[in-house]
Structures are given as C-alpha cells and as structure tokens.
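S.K.: Fold the following.
(one chain, ligands or ions: 1)
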Amino acid sequence: MPTPKLDGAALQEALAALPAWTFDPARHAIRRALRFADFNAAFAFMTRVALQAERADHHPEWRNVFNRVEIVLTTHDAGGLTERDLALARFIDAAAAALGGRPA
Ligand SMILES: C[C@H](O)[C@H](O)[C@H]1CNC2=NC(N)=NC(=O)C2=N1
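M.R.: Numbers count the residues shown, from 1 in each chain. Predicted coordinates:
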C-alpha cells in the first residue's frame, strides 16, 4: 500500500518532531550525521538499523567513514518524505542514543 509524500502542515509537524534531523528540500529528504566512539560502535549501530530496515522493507541511504555515519531518509517509491521515513528516523534516534551516538 503506497504511503503518500508528506507536504504542508503534515511535513512541518513531522520535522518539528525530529529535531535531530535536517530537511533537504532538493531531495525532499531528511539528513542526520552521527559520530560514535569508534568503528565497531558505528558498525554495531548500522547493523541494528539494517535489521530494522529489512523488517520494515524501508532502507536508508547512508555513508560510513570510520566512526561517522551520515544518513539520508526518503521514500523512493513516493518521490519524497513519507511516514515510513519518520518511523525509521525514530528507530535510528533510539538506536543512536542506546549506542552512544553524538551529532557529528
Ligand atoms: C521492492 C521494495 O519493497 C521497494 O523497493 C522498497 C525497498 N526499500 C525502500 N526504501 C526506501 N527508502 N524507499 C523505498 O521506496 C523503498 N522501497
């Protein structure tokens, strides 16, 4: 079942509820950059998120360099941000907090 792209008030409310994320209007996506204690911690974080992405069938665009992970969330099938991205962002925020992630 397709999830609609968020726009207008719904988009503004969604962004307000995810203060750690930055909206990218060019991609209609949200971005977050994280730093962990070391590579092992960063990869443990990525592993936890990867398993959730598979469960949700919704996957991040991300880049890892040593202890840093840069994440972009958008719904390719909808051409922009949807509830699926918000749900994964909430999961990512909880995993980052549990594993000692800090703003990069
Ligand atoms: C076939 C498969 O269900 C789709 O390609 C899923 C996979 N993961 C996805 N992830 C993201 N971010 N956007 C999608 O539209 C998407 N679609």
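
S.K.: pLDDT (mean, whole number) over the helix or strand that contains Glu13?
M.R.: Assigned by DSSP states H and E, Glu13 falls within helix 8-16. The average pLDDT within helix 8-16 is 97.

S.K.: That helix: which residues count as buried?
M.R.: In terms of neighbour count (16 or more other Cβ atoms under 10 Å), helix 8-16 has its buried residues at 14-15. Any C-beta I mention is one placed from the backbone N, CA and C, and that applies to glycine too.

S.K.: Just the C-alphas of that helix, formatted as PDB.
M.R.: Taking C-alpha atoms only, helix 8-16 is exported to PDB below (Å, rounded to 0.1, in the frame of the first residue of the first chain):
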ATOM      1  CA  GLY A   8       2.400  21.300   4.000                       C
ATOM      2  CA  ALA A   9       1.400  21.200   7.700                       C
ATOM      3  CA  ALA A  10       2.000  17.400   8.000                       C
ATOM      4  CA  LEU A  11       5.500  17.900   6.800                       C
ATOM      5  CA  GLN A  12       6.100  20.800   9.200                       C
ATOM      6  CA  GLU A  13       4.700  18.800  12.100                       C
ATOM      7  CA  ALA A  14       6.900  15.800  11.200                       C
ATOM      8  CA  LEU A  15      10.100  17.900  11.000                       C
ATOM      9  CA  ALA A  16       9.300  19.500  14.300                       C
END
